[in-house]
Structures are given as structure tokens and as C-alpha cells.
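In: show me the folded form of this:
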Amino acid sequence: MLHAHVTWHVLTTPLPRLAEGELPDGDLSPGLEEVTEVSEPPLFMVIMHNDHYTTMEFVVGVLESVFMKTPSEATQIMLAIHRRGQGLCGTFTREVAETKVERVHALARRSEFPLRCSVEQA
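Out: The predicted structure is shown next:
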């Protein structure tokens, strides 16, 4: 999984205080410490939408092949899509979510089904 890295420098020794018009002596470079913070990337949900043409078998097959769901999980998600109009296929980083949606749309197009997915921030 990709992580976001943020790096900044923290002043570890204070700068000398100088009176107005006074010139500094010696090294003026303050002590700096590099700090790196690692954070998880934002996650996005892939939502599959119901239509009145795509077969339940095709939806189950797509859930198994694209989203790596077991037959039982795929059937449960397919039934949720059928009953509620949409179902959660999984939660991923943005790039992975968008790639999975493209794969679903390509498979649906190839099989001449109007199956659609969308991506929403989790």
C-alpha cells in the first residue's frame, strides 16, 4: 500500500538574539532536524449499481474475478445490489479503485451489459 510522506525541518537550537544593528559572530546556521511523517492514503469505495439487464451470474463472476470475492461473498453482494440498488465491492486507494472500475466496465462492455460502478471517498 502506498503511503504519503511529509518531510519538514524542525529548529532544534534557537537563533541568537541580536540587538538592533548588532552583527552576528560565527556560524549562523541553526541546528535542524529532519522529521518525516508517514500517513495512510485516503481510501475510496467501489460501488456497483443495479440495472435491469445485467445477469446475476455475470455480476457474481465480476465480483469473483475483479474483486477477488469468494462465491459466497459475491452472491451476498450481488443480492444487496439487486435488493438495494447498489452494493459495496471493496475499499481501496484511489488508483486501485479506479482501475477496478475500468476493468468492470471493460468486462461489461465486452459482454454487452450496461453494468456500472462508481468510486466514492470512504
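In: pLDDT at the most centrally placed residue in the chain, what is it?
Out: By Cα atoms, centre = their mean, the chain has its centre lying nearest to T93, at 1.9 Å. The predicted structure scores T93 at 97 on the pLDDT scale.
In: how far away is it from V46?
Out: Spatial separation of T93 from V46 under the definition Cβ to Cβ, to the nearest Å is 11 Å. Just so you know, the C-beta spots here come from the backbone N, C-alpha and C atoms, and that holds for glycine as well.
In: sorry, back to before: excluding residues flanking it in the chain, which one is nearest the residue nearest to the centre of the chain?
Out: Distances taken as Cβ to Cβ, 6 or more residues apart in numbering put P41 closest to T93, at 5.0 Å, once the chain neighbours are dropped.
In: and the one you found, how far from A122?
Out: When Cβ to Cβ is applied, the distance between P41 and A122 equals 11 Å.
In: same question for H82.
Out: Distance of H82 to A122, given as Cβ to Cβ: 23 Å.
In: got a list of what the closest residue to P71 other than its chain neighbours touches?
Out: The shortest distance from P71 to any residue other than its chain neighbours is 6.5 Å, reached at E64 (Cβ to Cβ, 6+ apart). E64 makes contact with T70, P71, A74 under the criterion Cβ atoms under 8 Å, 6 or more residues apart in numbering.
In: check which helix or strand covers E64.
Out: Assigned by DSSP states H and E, E64 belongs to helix 56-66.
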